[in-house]
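Trainee: Generate a structure from the sequence data that follows.
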Amino acid sequence: MDPLEQLEIQLRELLQEKLNSPRFSVKCLNKQLAESGDMVVKIADPAWIGEDQPEAVFLDGEDRSWSLPIAREKISNLSISLFLNRPETYRTLITRWSDGTWQIAENLQNRKIHVTCDIDDGNCEQFSLTDLRVVSVRNVVKNLLMLQGFRVLLEKPMEETGETLHVGLTRSGSGVNLLCGPVITNGVTACEYIQKRANDMQLIAQHKYGLRVKDQARFQQMIASLGRSAAVVDLLESKASSSIDFRRDKNQSSKGAAFILYNFARLSVLFRTFEEKQRTGYYPELAPIETVDFGLLKEEDEWQLFWVYVAGFPAMLRQALGDGQLARVAPHVVLGFTSGLVICLSKYYRRVRILTKLLVLLSIALHCYRRFRKRVEVAIAAMFFFDRSETYRQRPSDSLEFSYANIDFAKRCDLEKLSPAS
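Mentor: Presented below is the predicted three-dimensional model:
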């Protein structure tokens, strides 16, 4: 269990004990954290307001071992705002996820689930955009389940698994059904749409930034990968059950695949540059986490980035998997979360040049940035990595090749500038 989920459980247990009423909610906030707090408890019982309203609920003098340290609370009518001890929260979460992972709920580990799909992957050249959407949703769901510890079975098992999830356009027998809405087009096939999105990427890169390409074959391979990823993002933006109308030119968001992959490439550049200069002695070794003074991180956007997108990452994965109810699986949540992360990270990165910080701040920043990179990497894996036997040949190497092996392309192309917010 991740520390934030554990803290929410601790808060609920104490509230049930003290209020003797189930009429309350606990919510993590994602903006105006300095004024509103990091978490808020809403109490729905008006009788709680009165002369005997306590001055403190959680910081009542009792010795409690919170999973994340609470610095202060502010009671106002029917709400309690909680402000965490930020330096210790940084340290707790970074230490807990020092290897870039998080603890999987024990009840999910090795839990078998049979995932089925309407669409036959073997006929990918004839895919409609609706077919591509169904397969893309199936793949994201499969990857999310695997990230959470499920054993995903794509072939019908010899023995009964107990759980079946079907992704498709129509319901299929027993088990949970995740129905996908149609993609309405003027007859454009999936291959044609992927090529169109690849052409979009190439025209933007060459016409606006005048790229001089030395290895044309390599360049075309990268553009094709971007086209595939862009098409998948276009199909994942909406809730799976909603229909998508592509009959008119869709106003493609520049915060799509290119923007996500470009910013992941920038993170890779940052760490590669640091490691290269570290080998020459220009930078020292990173200070151990236990010796770092996280109190030096004073800026609100630093805390917001960390609180919303590092602390909140496991909660996003749970939400994408329907909080344990497979009928409520929501693959689009992963894309929305990742887009928000790279937008905030891009704005911060442009304003604060990490590798030029004072050495005392460099270790702090890089410890945090490693967690940001891991979260983007996991999200990319969930959205874009598919079986090697599939389709449009979206291999595990395709998307990350853009980020790792083709860093020079990312630096020269500067696809981030396509964004109005850039």
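Trainee: Tell me what Gly168 is bridged to.
Mentor: Residues in a beta bridge with Gly168, per DSSP bridges, are Leu179.
Trainee: surely it meets Val137?
Mentor: No. Shown here, Gly168 and Val137 do not form a contact pair, counting by CB atoms under 8 Å, at 9.3 Å. For glycine as for every other residue, the C-beta is placed from the backbone atoms N, C-alpha and C.
Trainee: Pick out whichever of those two has more residues nearby.
Mentor: The residue with more neighbours, out of Gly168 and Val137, is Val137; 24 against 18, by other CB atoms under 10 Å.
Trainee: Show the contacting residues for that one.
Mentor: Counting by CB atoms under 8 Å, 6 or more residues apart in numbering, Val137 touches 167, 178, 180, 235-236, 240, 331.
Trainee: Which one of the residues you listed is nearest to Asn77?
Mentor: Using CB to CB, Pro331 is the member of the contacts of Val137 that sits closest to Asn77, with 38.5 Å.
Trainee: And the helices in the stretch 1-150 of the chain?
Mentor: Under the criterion DSSP state H, counting those that start in this stretch, helices of the stretch 1-150 of the chain are mapped to 3-19, 33-36, 86-96, 129-147.
Trainee: Quick one: mean pLDDT for the last one?
Mentor: This points to helix 129-147. The average pLDDT for helix 129-147 rounds to 91.
Trainee: Please apply the same query to stretch 350-370.
Mentor: Rounded mean pLDDT across stretch 350-370 is 76.
Trainee: Between the two ends of that stretch, how far is it?
Mentor: 17 Å (CA to CA, to the nearest Å).
Trainee: Not counting its own residues, what contacts it?
Mentor: 90, 94, 100, 267, 270-271, 273-274, 277, 283-284, 286-287, 289, 292-294, 296-297, 302, 305-306, 310, 422.
Trainee: on that earlier part again, got TSV for the helices of the stretch 1-150 of the chain, with distance to Cys191 too?
Mentor: TSV is the format used below for the helices of the stretch 1-150 of the chain (distance: least, CB to CB, whole Å):
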stretch	distance to Cys191
helix 3-19	42
helix 33-36	46
helix 86-96	43
helix 129-147	9
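Trainee: Where does pLDDT dip in this structure?
Mentor: 20-22, 48-53, 98-110, 160-161, 204-205, 207-213, 249-255, 357-360, 384-422 (pLDDT under 70).
Trainee: center of it, which residue is that?
Mentor: Thr338 (4.1 Å; CA atoms, centre = their mean).
Trainee: Is that one located within a strand, as I assumed?
Mentor: No. With DSSP: H, G, I helix; E, B strand; the rest coil as the criterion, Thr338 is helix rather than part of a strand.
Trainee: tell me the contacts of Ile289?
Mentor: Counted by CB under 8 Å, 6+ apart, Ile289 has contacts 91, 94-95, 98, 367.
Trainee: Taking the residues you listed together, which two end up most distant?
Mentor: Farthest pair in these, by CB to CB: Arg91 and Ser98, 10.7 Å.
Trainee: higher neighbour count, the two?
Mentor: Shown here are Arg91 and Ser98; by other CB under 10 Å, Arg91 has more neighbours (19 against 12).
Trainee: thinking the more buried one is in contact with Phe294, fair?
Mentor: Yes. Assessed by CB under 8 Å, Arg91 is found in contact with Phe294 at 5.6 Å.
Trainee: Ile343: neighbour count?
Mentor: 17.
Trainee: Could you do Phe219 as well?
Mentor: Phe219, neighbours per other CB under 10 Å, totals 17.
Trainee: Now name the helix or strand holding it.
Mentor: Per DSSP states H and E, Phe219 falls inside helix 216-236.
Trainee: which is the next helix or strand following that helix?
Mentor: strand 244-245.
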